[in-house]
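Participant: heads up, no residue letters with this:
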């Protein structure tokens, strides 16, 4: 019997150790004993299974030499997810947790590799609901080409949290040729987005109900690492990329304008927003530029690479509606963002003040 066979048998044996019998989560599942071990084995290890996780050590271990083959710098990020509702049109809290962490790494030019999964579960949650969330995380991680390699589970008394909260952290490796930053925008650069904006925010508001509105808006929740690599291959001198999550593209554009001490002008006609989302915002008195997205990016690309960037992005499943929405102005007030309206006027697009919609991710 060789080492590989022994390892495989050990893994199979480990998987057989725990079998969850209860149909609901109890405090015992966070108590550190057999009930918690059964939960981890039967729900998490079964779904996330990979060689690093399956050792079930208290930490994930990596060879530095393996990481060094992917680039010359590590990128690390973390985020927490408290979205309400936990299932919504186009996604769920598990999918958004993986997408959000993968995208936070990828927009820095990193290749996402490994993620963690920390869960705080409310006592009384149905096990089948938890299984559905974990399966969604596993499916999305496979789609994104990352592994969930370690985690933690806590169970709190009923009423101490709302069903489930998730924390994920991730690491990736940045290629030596990529040096992206919000402070690198230059006059003449163009502002690109990869499709219709505001879908996620509108979908969450609609799914919360109570407004008696009927729409078919789906969240745009998606892992963008493939699209970003496609963009960087076509436009290697791209200055900056950011996923336009909370605060929408308005907040991202203001961050660029401030960090690069430049003025930005975007076109209302060129900015892709669905008519359903526009109508939705008009009813509720919202501005779609501030609605959250979970599968949309803003990229600053030098003028001579815009055509190649757009062609490449439009050839990707998550970028077919990509658009060039504006430019970095050669003059103007530094730190200021304007929109050229459809009526020929201009309006200031300021940073979001306050919270447009809590628990959006």
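Facilitator: Perfect, thanks for sending it. Everything numeric here is computed off the predicted structure, so don't read it as measured data.

Participant: what distance separates stretch 114-127 from the centre of its chain?
Facilitator: 18 Å (Cα atoms, centre = their mean, to the nearest Å).

Participant: List the buried residues for it?
Facilitator: For stretch 114-127, a neighbour-count test (16 or more other Cβ atoms under 10 Å) marks 114-123, 125, 127 as buried. Heads up, the C-betas are built off the backbone N, CA and C, glycines and all.

Participant: Determine which two of these are furthest apart.
Facilitator: Using Cβ to Cβ, those span at most 30.2 Å, a distance reached by 114 and 123.

Participant: ok so, going back, which members of the buried residues of stretch 114-127 occur in helices, if any?
Facilitator: Within the buried residues of stretch 114-127, residues falling in helices by DSSP state H are residue 127.

Participant: can I get the buried residues of stretch 114-127 in TSV with distance to residue 103 and pLDDT?
Facilitator: Converted to TSV, the buried residues of stretch 114-127 look like this (distance: Cβ to Cβ, whole Å; pLDDT from 0 to 100):
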residue	distance to residue 103	pLDDT
114	15	98
115	12	98
116	16	98
117	16	97
118	19	97
119	20	97
120	22	98
121	25	98
122	27	98
123	32	97
125	27	97
127	29	97
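
Participant: What segments of the protein are helices?
Facilitator: Using DSSP H, helices in the chain cover 3-17, 34-39, 46-48, 64-68, 93-106, 127-144, 199-207, 225-234, 248-259, 275-284, 306-314.

Participant: any idea which of those is most buried?
Facilitator: helix 93-106 (a mean of 27; mean count of other Cβ atoms under 10 Å).

Participant: buried ones in stretch 43-62?
Facilitator: In stretch 43-62, counting by 16+ other Cβ under 10 Å, buried: 43-48, 50, 52-55, 60.

Participant: Pull the contacting residues for residue 286.
Facilitator: By Cβ atoms under 8 Å, 6 or more residues apart in numbering, the contact set of residue 286 is 280, 356.

Participant: Listing request: residues of this structure with sub-threshold pLDDT.
Facilitator: Counting by pLDDT under 70, the chain contains low-confidence ranges at 1-17, 210-215.

Participant: Could you tell me which residues make contact with the nearest residue to residue 86 once chain neighbours are set aside?
Facilitator: Closest residue to residue 86 in three dimensions, ignoring its sequence neighbours and counting by Cβ to Cβ, 6 or more residues apart in numbering: residue 93, at 4.3 Å. Applying Cβ under 8 Å, 6+ apart, we find residue 93 in contact with 81, 83, 86-87, 133, 164, 166.

Participant: Same list (the residues you listed) but as TSV, adding distance to residue 193.
Facilitator: What follows is the contacts of residue 93, written out as TSV (distance: Cβ to Cβ, whole Å):
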residue	distance to residue 193
81	23
83	23
86	28
87	27
133	29
164	31
166	27
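
Participant: if we can go back for a sec, for the buried residues of stretch 43-62, which one is nearest residue 283?
Facilitator: Nearest to residue 283 among the buried residues of stretch 43-62 is residue 47, at 39.8 Å by Cβ to Cβ.

Participant: does the closest one really touch residue 136, like I thought?
Facilitator: No. Using Cβ atoms under 8 Å, residue 47 is not in contact with residue 136; the gap is 9.3 Å.

Participant: Closest to the centroid, which residue in this structure?
Facilitator: residue 100 (1.8 Å; Cα atoms, centre = their mean).

Participant: Phi, psi for the residue nearest to residue 269 when sequence neighbours are not counted please.
Facilitator: Nearest residue to residue 269, sequence neighbours excluded (Cβ to Cβ, 6+ apart): residue 342, at 5.5 Å. Main-chain torsions, residue 342, degrees, to the nearest 10: phi -70, psi -20.
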